[in-house]
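1. Turn this into a model:
(one chain, ligands or ions: 2)
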Amino acid sequence: MAQLTDDCFAFGGPMLSVDEAVGIIASRVKAVDQTEAVSLIEADGRILARDIAAPLPLPPFTNSAVDGYAVLSGELPKGEERAFPLKGRVRAGASAEAAQPGHAVRIFTGAPMPEGADTVFMQEDVRIDDAGRVVLPAGLKPGANVRPAGEDIPLGHVTLKSGQRLRPQDIALAAAFGLTQLDVVRRLRVAVFSTGDELASPGAARAAAQLFDSNRYMLMAMLRRLSCEVSDLGILRDEPVSLSNALKQAAAQHDLILTTGGVSTGEEDHVKAGVEKAGSLVLWRMAIKPGRPVAMGVINGTPLIGLPGNPVASFVTFVHVVRPTVLALLGAVPAPLVPRPVRAAFSYRKKIGRREYVRASLRKAEDGSLEAVKFPREGAGLLSSLVETDGLVELDEDTVKVAPGDSVGFVGYAELL
Ligand code: AMP
Ligand code: MG
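-> Ligands and ions are numbered 1, 2, ... in the order given. Predicted structure coming up:
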């Protein structure tokens, strides 16, 4: 296990690593078991609820991969070219008559192979002689340019698995099977609150000492990408009683509650106390930067995750704590984010024992390799640092410094969401 420094015992008790915290959360939540049948296009991004075995082979029938001429492999020209009289013509979508021995059949891409023929010459590789015969060169392999039935997917093969998050190519496969609907896990109902007297909703009047609430919109957008049904529950004031009441109410109607702000140790941070009042706190704080104060609680059986208020901390902890929780609640097969190695174009020092995420942009180095350029400033409140970069460099618990040229792991925003 990673070494923990004194810093990690600040405020009493060792801090959990990100993996430990996510492990605890994943073991506490129970996946929803309701499913629904949705149309193929609605299934994109959803979690498949049962295995799908191929109800027909793909391709469903043996067909030509090219425009050309079909012959029997036993008759392929051996040493030199050979002329074949033409007999028959088969288009895509048409049915083919059996090929005649000693003859070639004109055939087009996707057309069914005539019985008796098993090899196709591309039209670019042949010529037609004066007698109207097709002259085929020697050297073609038997079976060339033919797509046998089931070569892509054999009948009965389980290609789509329960728990997988459906992508456009998976939807294509379901359509190729002739399916019109898929059984998916129902959408997760997630409540989102911001907390803080300094926040005003966009569109409302903003007092001089207020800023517009941005986290709530970021979190809702991120949840939408995970196909959640999001309830926008607005801004909670920094006041413990109304806060805990609002949490209790939300718990009755949602599968997950997310809050942002108010989870640090300041006197005006009321989320932790609010969770303790409304339900129970499972964990609080983890060894992650940005984002140390993250609270996890349970209110009447509904999990709650309290994210920090600083926008970058909120973003990072959503990606690394909320996203795996949402996927666990949906019963999705875990798909860990695998950072790809790039070269650091920056120096950095960090404390041992905590995981840090560095906002960075990618650029091509002179030798053609990719390098990560760190955003010049580090503040967890800088929205520009998320907007103007490409992703996050992950520095694990054991790392203490990065020097230019070191290999570091990078995950782009597109993959994180
Ligand atoms: P807190 O975690 O409540 O102490 O907030 C930390 C910082 O994040 C403060 O500067 C807050 O003003 C800011 N903050 C909190 N919530 C939001 C929000 N929803 N949108 C933008 N900034 C926020
Ligand atoms: Mg606050």
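
2. any low-confidence regions in this protein?
-> In the predicted model of the chain, residues 1-13 satisfy pLDDT under 70.

3. What residues of stretch 224-233 count as buried?
-> Of the residues in stretch 224-233, those buried under the neighbour-count criterion (16 or more other Cβ atoms under 10 Å) are 226-228, 230-231, 233. Every C-beta, even on glycine, is put in place using the N, C-alpha and C of the backbone.

4. near ligand 1, which residues of the stretch 201-350 of the chain show up?
-> Taking Cβ under 6 Å from any ligand atom as the criterion, the stretch 201-350 of the chain approaches ligand 1 at residues 213-216, 260-262, 264, 269, 308-311.

5. So among the residues you listed, which ones count as buried?
-> When these are checked for burial by 16+ other Cβ under 10 Å, the buried set is 213, 215-216, 260-262, 264, 269, 308-311.

6. just checking: which of those residues also lie near ligand 2?
-> Among those, the residues within reach of ligand 2 (Cβ under 5 Å from the ion) are 261-262, 309.

7. Residues in contact with the longest strand seen in the chain: which ones?
-> Assignment by DSSP state E gives strand 355-364 as the longest strand of the chain. For strand 355-364, the surrounding residues in contact (Cβ atoms under 8 Å, 6 or more residues apart in numbering) are 17-18, 287-290, 312, 316, 320, 342, 345-346, 348, 350, 370-375, 385-386, 388-397, 399, 410, 412.

8. Can you tell me which of the residues you listed end up in helices?
-> Filtering the contacts of strand 355-364 for membership in helices, criterion DSSP state H, returns 18, 312, 316, 385-386.

9. which one of the residues you listed is nearest ligand 2?
-> Val312 (15.3 Å; Cβ to the ion).

10. measure the closest one to Val321 for me?
-> Val312 is 14 Å from Val321, where distance means Cβ to Cβ, to the nearest Å.

11. more neighbours, the two?
-> The residue with the greater number of neighbours, taking Val312 and Val321 and applying other Cβ atoms under 10 Å, is Val312; the counts read 24 against 21.

12. ok, Val18 touching Met286?
-> Yes. In this structure, Val18 is within contact of Met286 by Cβ atoms under 8 Å, at 5.8 Å.

13. Can you pick out the residue with more neighbours from those two?
-> Remark: of Val18 and Met286, Met286 carries more neighbours, 27 against 24, as counted by other Cβ under 10 Å.

14. Next, the buried residues of stretch 90-110.
-> By neighbour count on 16+ other Cβ under 10 Å, the buried set for stretch 90-110 is 90, 96, 99, 103-108, 110.

15. Stretch 335-353 now?
-> If you call a residue buried by 16+ other Cβ under 10 Å, then stretch 335-353 has these buried ones: 339, 342-346, 348, 350-351, 353.

16. Which ones among those map onto strands?
-> Using DSSP E, 342-344, 348 are the members of the buried residues of stretch 335-353 that sit in strands.

17. And these, which is closest to Asp170?
-> Checking those against Asp170 by Cβ to Cβ gives Val342 as the nearest, at 29.0 Å.

18. coming back round to it: take the buried ones among the residues of the stretch 201-350 of the chain next to ligand 1 and keep only those in helices.
-> Using DSSP H, the members of those that fall in helices are 215-216, 311.

19. how near is Gly163 to ligand 2?
-> Gly163 sits 37 Å away from ligand 2, going by Cβ to the ion, to the nearest Å.

20. Please report phi then psi for that residue.
-> Dihedral pair for Gly163: phi 90, psi -10, per degrees, to the nearest 10.

21. Which positions within whichever helix in the chain runs longest qualify as buried?
-> Secondary structure of the chain read by DSSP H shows that its longest helix is helix 240-253. Neighbour counts over helix 240-253 (16+ other Cβ under 10 Å) mark 240, 243-244, 246-248, 250-251 as buried.

22. Can you list the helices and strands that it packs against?
-> Helix 240-253 sits against strand 189-195, strand 229-236, strand 256-260, helix 271-278, strand 295-299, strand 302-307, with contacts defined as 3 or more Cβ pairs under 8 Å, 6 or more residues apart in numbering; DSSP states H and E.

23. and that helix, C-alpha only, in CSV?
-> Provided in CSV are the C-alpha atoms of helix 240-253 (Å, rounded to 0.1, in the frame of the first residue of the first chain):
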residue,chain,number,x,y,z
PRO,A,240,-27.7,22.7,8.3
VAL,A,241,-31.4,22.1,9.0
SER,A,242,-32.8,23.0,5.6
LEU,A,243,-29.8,21.1,4.0
SER,A,244,-30.5,17.9,5.8
ASN,A,245,-34.2,18.1,5.1
ALA,A,246,-33.6,18.6,1.4
LEU,A,247,-31.2,15.6,1.4
LYS,A,248,-33.9,13.4,3.1
GLN,A,249,-36.5,14.5,0.6
ALA,A,250,-34.2,13.8,-2.4
ALA,A,251,-33.3,10.4,-1.0
ALA,A,252,-36.9,9.3,-1.3
GLN,A,253,-37.0,9.8,-5.0
